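Colleague: Dropping a prediction and its sequence here:
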Amino acid sequence: MNNRQGSERHGHDGLKSTWPIHRREAGLLAIGYLVLVGVWTGIGALITGPLEPSALTRADQRIAQWLVDHRTSTWNHLTVWGSFLAETITKVVVTAVLAIVLVRVWKRYFEPMVLVVSLVIEAAAFIVVTHIVGRGRPDVVRLDNSPVNSSFPSGHVAASMAYIAITVIIFWHTRRRWPRFLSVIVTALIPIIVGVSRMYRGMHYFSDVVGGALLGGAAVLLTVTVLRRSTEGINAVGQPADTSQPEDTARPGHIATPVELNDRGSENEREVPASCQS
């Protein structure tokens with residue numbers, strides 16, 4: 001019993017040591033988050049202000065009306081499921097399951113935190129931006145109700161786009177073509193399905209969908225850039241491409257093996273001057 005408890009305690013401590021967010025990473029993520037909020041709030045202010053009577057907003061309304069004019073009972077049903085792909089309950093459950101799987105596969109926090117933090121930053125930025133901008137939803141008959149009566153950006157699309165973090169993780173860990181291809185196809189199709197569904201149901205303009213997609217992608221880029229350069233990120237997937245490395249470990253994603261480290265130690269011992277040896 002004592003041996004098992006000791007083993008469990010050691011495993012917990014080992015997992016805890018892989019936590020990739022420290023003071024520096026938290027600070028950079030916070031700064032990046034504020035930048036995202038500022039940029040998207042500015043874009044929203046332009047759309048609802050100087051660009052309100054413009055070709056952009058007129059095109060938004062034409063697209064929204066065209067989708068309403070071409071509604072059918074079949075698409076009314078299918079787009080319910082398309083929207084459901086990025087509903088809050090779906091995001092919470094899918095993210096929790098994927099995070100647990102990633103922890104069990106790699107026995108560390110780095111990969112699951114890349115996914116979770118991307119979604120947290122996206123969601124937090126969306127909530128603030130949509131509250132500040134307050135763009136009205138399309139002036140058409142809507143098929144859904146929402147407690148948030150603001151259209152820009154699309155939170156559903158932003159969340160679905162944030163799942164490209166899974167593709168980034170897969171690209172880090174395999175060079176096999178079919179997992180890479182499959183992950184790209186899936187994470188590219190879901191935002192398209194969600195975006196079209198939300199527009200079809202009268203909940204968003206086309207520019208809202210584009211804004212949401214860019215916000216989700218930016219959240220992933222921010223998270224990957226910061227966590228990839230943490231000590232835990234380097235230990236997990238190797239040095240970033242722009243970080244100086246010893247010549248023999250300059251390959252992207254290369255982590256020195258125990259044999260390589262032992263060889264270096266032997267070479268260093270041979271290079272010690274005889275006068276310095278005892």
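Modeller: The structure has been received and is ready for your questions.
Colleague: For the rest of this, base every contact and every neighbour count on C-alpha atoms.
Modeller: Will do.
Colleague: in the protein, which ranges drop under the pLDDT threshold?
Modeller: 1-13, 239, 241-278 (pLDDT under 70).
Colleague: now the helices for it?
Modeller: 2-16, 23-48, 55-69, 73-84, 88-106, 110-133, 155-162, 164-173, 177-200, 206-228, 231-237, 258-271 (DSSP state H).
Colleague: Now the shortest one: buried residues?
Modeller: Of the residues in helix 231-237, those buried by neighbour count under the rule 16 or more other Cα atoms under 10 Å are 231-237.
Colleague: For that helix, enumerate the helices and strands it packs against.
Modeller: Judged by 3 or more Cα pairs under 8 Å, 6 or more residues apart in numbering; DSSP states H and E, helix 231-237 is in contact with helix 110-133, helix 206-228.
Colleague: how far out from the middle of the chain is the longest one?
Modeller: What that stands for is helix 110-133. 8 Å (Cα atoms, centre = their mean, to the nearest Å).
Colleague: And stretch 131-138, end to end?
Modeller: 17 Å (Cα to Cα, to the nearest Å).
Colleague: Does residue 172 touch residue 238 like I think?
Modeller: No: Residue 172 is beyond contact range of residue 238, at 9.4 Å (criterion: Cα atoms under 8 Å).
Colleague: Compare neighbour counts for those two and give me the winner.
Modeller: Each of residue 172 and residue 238 has its neighbours counted (other Cα atoms under 10 Å); residue 238 has more, 21 against 16.
Colleague: and the gap between that one and residue 24?
Modeller: 19 Å.
Colleague: what does residue 212 give?
Modeller: The value you get for residue 212 to residue 24, if Cα to Cα is used, is 28 Å.
Colleague: Neighbour count for those two, which is higher?
Modeller: Neighbour totals were compared for residue 212 and residue 24, and residue 212 leads with 28 against 11 (other Cα under 10 Å).
Colleague: Help me confirm that that one comes into contact with residue 151.
Modeller: No: applying Cα under 8 Å as the test, residue 212 and residue 151 come out as separate, 10.1 Å apart.
Colleague: List the contacts of residue 60.
Modeller: 205-207 (Cα atoms under 8 Å, 6 or more residues apart in numbering).
Colleague: ok, now how distant is it from residue 66?
Modeller: With distances taken as Cα to Cα, residue 60 is found 10 Å from residue 66.
Colleague: Looking at the buried residues of helix 231-237, which one is closest to residue 184?
Modeller: For the buried residues of helix 231-237, the residue nearest residue 184 by Cα to Cα is residue 237; the value is 19.7 Å.
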